[in-house]
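> quick one, fold the following:
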Amino acid sequence: MSENAPVADRATRRARTLTPDRTEPGWLSPFLAADGPVVLRGAASDWALVQAGLRSTQDAMALIRRFDAGRPLVCYRAAPALKGRFFYDDTVTAMNFEAGRIPVADFLEEVSSYLGRTDVPSLYVGSTDIETFFPGFRAENDLPVGEDPKVAAPPLVSMWIGNRTTATAHHDMSNNVAVCAVGRRRFTLFPPDQIANLYPGPLEPTPGGQVISMVDFKAPDLERFPRFEAALRTAQVAELEPGDVLLYPAMWWHHVEALDDFNVLVNYWWNAVPAYMDTPMNTLLHGLLSLRDRPEAEKRAWQALFDYYVFGPAERAGAHLPEGARGPLGPMDEGTARRLRRALLAKLNR
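Model (predicted):
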């Protein structure tokens, strides 16, 4: 096989695939605790949108228009020569695509005008909040994600619409349930420990808010990115048909290819933590500021402190102290989080 063969052809592992019994109460709950990707074949096959899309693209578009709240969508547009790869320009300081707002009907009409054609612009609407832009949609198209006790807050439910596009490998800070509603999609997934082998791009700007891999998955340059070969040995591929559902945990890297002229994905993001917890990305950014460039001996010492206070058992650091003296070393709750945040802000603003 060619050294530059597409990644999906070179990866040999397939994500675990199951066919769930949706008649059982709480049928989705066991899968939400999965520690790796799981494909649930046909788990959303009864959705109105899935059924409409199986009839025709125009039926699927008509269903989406029926729930249009009249708010313009943010549309990303890339030139035909880019073949749907939303990425950086040659300087890696700006994007290779444009963004603008467009009414739902106009976006769907433009996508429709390109059906069956090649060498067309790539059009992509990403992470569009369904409750805001398509109210009522979930009455006919929904999964019981929010019913699971591990989902600490209502999930964020979004819609992704476009033609043949590629979301370059990136990670999300939330767990994900991805419903392939219209068209086919291919996910190539990597565990979080593969970050160095995926060659992340700059922290900013980014195409969609998250750092992305610099590797071109259709033609990986293994001279420039040699460790990508090691990442491939861990990759899992999930090929999704309409009605299939993919679950994967937070922080897993995923490269997403929309394979048809019209594609719709609905996803549920959630974290199994209380809402008062801060985003770890803030900790990472502050770590760059306060830790990264210290002498190696100091960095190792701070690593030991983080292992003790943060990455070890939550109760360990305060277990030997009287309960009233534990402060933020004791169990975290909303009040403790508020006090800790206030103290941190005071230190940052001194």
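> if I look at the most centrally placed residue in the chain, how far off is residue 268?
By C-alpha atoms, centre = their mean, the mean C-alpha position of the chain lies nearest to residue 172, the distance being 4.3 Å. From residue 172 across to residue 268, the span is 12 Å (C-beta to C-beta, to the nearest Å). To be clear about C-beta, it is placed using only N, CA and C from the backbone, and glycine gets the same treatment.
> can you map out the helices along the protein?
7-10, 29-32, 48-55, 57-66, 104-113, 130-133, 228-232, 280-290, 296-306, 334-348 (DSSP state H).
> the ones you listed: lowest mean pLDDT?
Mean pLDDT values for those show the minimum at helix 7-10, a mean of 66.
> do you know the pLDDT at the nearest residue to residue 203 once chain neighbours are set aside?
Leaving aside its sequence neighbours, residue 203 sits nearest to residue 211 (C-beta to C-beta, 6 or more residues apart in numbering; 6.2 Å). On pLDDT, residue 211 comes in at 97.
> ok, how many other residues are close to residue 211?
Neighbour count for residue 211, taken as other C-beta atoms under 10 Å: 19.
> ok so, going back, could you report the pLDDT at the residue nearest to the centre of the chain?
pLDDT at residue 172 comes out at 96.
> for residue 182, same thing?
Looking at residue 182, the pLDDT reads 98.
> next one: the one 4 residues further on
pLDDT, the model's per-residue confidence, is 97 for residue 186.
> cool, the one 10 residues further on as well?
Each residue has a pLDDT score; the one for residue 196 is 98.
> same question for the one 4 residues further on.
At residue 200 the predicted local distance difference test score is 98.
> kindly report the same for residue 2.
pLDDT, residue 2: 46.
> isn't residue 185 right up against residue 264?
No. Contact criterion C-beta atoms under 8 Å: residue 185 and residue 264 do not qualify, at 9.8 Å.
> before we move on, the earlier item: ok, now which ones touch the residue nearest to residue 203?
Counting by C-beta atoms under 8 Å, 6 or more residues apart in numbering, residue 211 makes contact with 170, 171, 200, 201, 202, 203.
> in strands only, show me the residues you listed.
170, 171 (DSSP state E).
> what's the spacing between the residue lying closest to residue 239 once chain neighbours are set aside and residue 143?
Computed as C-beta to C-beta, 6+ apart, the closest residue to residue 239 that is not its neighbour in sequence is residue 186, at 5.5 Å. Distance, residue 186 to residue 143, using C-beta to C-beta: 21 Å.
> what's the answer for residue 340, then?
35 Å.
> which one's more surrounded, these two?
residue 143 (21 against 15).
> residues contacting the more buried one?
28, 43, 44, 177, 179, 245, 268 are the contacts of residue 143 under C-beta under 8 Å, 6+ apart.
> the third one contacts residue 241, doesn't it?
No. Counting by C-beta under 8 Å, residue 44 stays clear of residue 241, with 10.7 Å between them.
> quick one: which of these two has more around it?
Neighbours around residue 44 and residue 241, counted as other C-beta under 10 Å, are more numerous at residue 44. The numbers are 21 against 15.
> returning to that earlier point: got a winner among the contacts of residue 211 for most neighbours?
residue 171 (22 neighbours).
> now residue 71. Nearest residue, chain neighbours left out?
Counting by C-beta to C-beta, 6+ apart, the nearest residue to residue 71 once its immediate chain neighbours are dropped is residue 133, at 5.4 Å.
> how close does residue 328 get to residue 28?
From residue 328 to residue 28 the distance is 35 Å (C-beta to C-beta).
> those two: who's more crowded?
When residue 328 and residue 28 are compared for neighbours, residue 28 comes out ahead with 20 against 14, by other C-beta under 10 Å.
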